[in-house]
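Visitor: 3D, please:
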Amino acid sequence: MLPFFEEVSADLEAVEIELGKVLISEDAIINQTATHLLRAGGKRLRPAFALLSAKVYTDDVSPVWPLAVALELIHMATLVHDDVVDQADARRGKPTVRALWGNKVSTHTGDYVLAKALIQVSGYEDPLISRVLSRTCVRMCEGEIIQMHGIYEANLRNYLHRIRCKTACLIEASCKLGAVAGGAPDSIHYPLGRFGHYLGMAFQVTDDILDMVADELRLGKRVGGDLRQGIVTIPVIYALHQDGAAAARLSQIVENRSKTEDEVGEAIELTRELGGINYGRHMAGAYLEKAIQELKRLPDVPARDSLRQIAEFIQVRSY
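Guide: Numbering: from 1, shown residues only. Next comes the predicted model:
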């Protein structure tokens, strides 16, 4: 467990237990795939964001547990579906559901997990929770479609819209709704939602950088995955907009739909030489600074410090 989650460690354990219970099915195959998903691990960031956000306002965050479970289930479902779309055989260094059971079982497993998430939040009286979560799921789907249609497209505006939908909106919902489920007023849950938005943007930008420079063992997958799929992320977008032969060569590789592994490696090196990696880090840092500014609007409590530490971790993480 990451050190800044210690304040909600007991609550995260309760959420983990509940995840195991929620995913139980009468169908043996679903039980196998669900168990595989749970054992695949994960940082449980979204449940932790929800719990810590609630802790900003109240010490008793047990009412937030169902929401925390739902957030992790939604995240799990998107990963299962992503692996089908991307034809991925490994995630976090382990076989995907798709690799072990095929596309059909994997698709229905993702649907099953998402439906279980909806059940989890059905007991909340505040309609804001289901409304925000539903809109978040819609935006995440839109983000995936935008990405599919934007293959090989080096457009900064579309990139930012895509990562806002794909990643930032669920982290924003985690922070905002965690506070709402904990009974916090607008003056608490609004800045927490903004914090989550900026944090989510920084998280995805950092992810896109790591896809090019991370240690493959720590990352749990091969670097250059986005380049292989034709997904153009911020380091490459910046590099492509530079002048000279290096940028022209990078453009040639990016547009090639049948890149060799040597070309993927060359594209990564060209992106680095053209300043794309450093530009991406600068962008992530700018978003994180905005996130930290939102925290200053909150009460000075230990949970706020933990959220700040998470922001600092995202800036330096290597996996």
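Visitor: so which residue is dead centre in this protein?
Guide: The centre of the chain sits closest to residue 167, judged by Cα atoms, centre = their mean, with a distance of 4.7 Å.
Visitor: contacting residues for that residue?
Guide: 143, 200, 201, 203, 204, 207 (Cβ atoms under 8 Å, 6 or more residues apart in numbering). Backbone N, C-alpha and C define where each C-beta goes, glycine included.
Visitor: ok, residue 45 next?
Guide: Contact analysis of residue 45 by Cβ under 8 Å, 6+ apart lists 171, 174, 310.
Visitor: just give the number of residues close to the last one.
Guide: By that I understand residue 310. 22 (other Cβ atoms under 10 Å).
Visitor: may I have the secondary structure class of it?
Guide: Of the three states, residue 310 takes helix according to DSSP: H, G, I helix; E, B strand; the rest coil.
Visitor: quick one: the residue lying closest to it once chain neighbours are set aside from residue 159, how far?
Guide: Once flanking residues are discounted, residue 310 sits nearest to residue 4: 5.5 Å by Cβ to Cβ, 6 or more residues apart in numbering. Remark: distance between residue 4 and residue 159 (Cβ to Cβ, to the nearest Å) = 29 Å.
Visitor: who's more crowded, those two?
Guide: Between residue 4 and residue 159, counted using other Cβ under 10 Å, residue 159 has the larger neighbour count: 23 against 19.
Visitor: averaged over its residues, which helix or strand of this structure has the lowest pLDDT?
Guide: One helix or strand of the chain scores below all others by mean pLDDT, DSSP states H and E: helix 216-219, with a mean of 62.
Visitor: not including adjacent chain positions, what is the nearest residue to residue 50?
Guide: Nearest non-adjacent residue to residue 50, counting by Cβ to Cβ, 6+ apart: residue 178, 3.1 Å away.
Visitor: quick check: residue 57 touching residue 182?
Guide: Yes - in this structure, residue 57 is within contact of residue 182 by Cβ atoms under 8 Å, at 5.3 Å.
Visitor: what about the stretch 201-319 of the chain, any weak spots by pLDDT?
Guide: 216-221, 318-319 (pLDDT under 70).
Visitor: ok, which stretches of it are helices?
Guide: Secondary structure of the stretch 201-319 of the chain by DSSP state H, counting those that start in this stretch: the helices cover 216-219, 225-229, 234-240, 245-255, 261-273, 276-295, 302-316.
Visitor: just name the most buried of these.
Guide: Among the helices of the stretch 201-319 of the chain, helix 234-240 has the highest mean neighbour count (mean count of other Cβ atoms under 10 Å), at a mean of 24.
Visitor: could you say what helices and strands that helix packs with?
Guide: helix 156-163, helix 186-213, helix 245-255, helix 261-273, helix 276-295 (3 or more Cβ pairs under 8 Å, 6 or more residues apart in numbering; DSSP states H and E).
Visitor: so which of the helices of the stretch 201-319 of the chain comes closest to residue 139?
Guide: Nearest to residue 139, of all those, is helix 276-295, at 17.8 Å by Cβ to Cβ.
Visitor: without its sequence neighbours, what residue ends up closest to residue 315?
Guide: Using Cβ to Cβ, 6+ apart and skipping residues adjacent in sequence, the residue nearest residue 315 is residue 288, 5.4 Å away.
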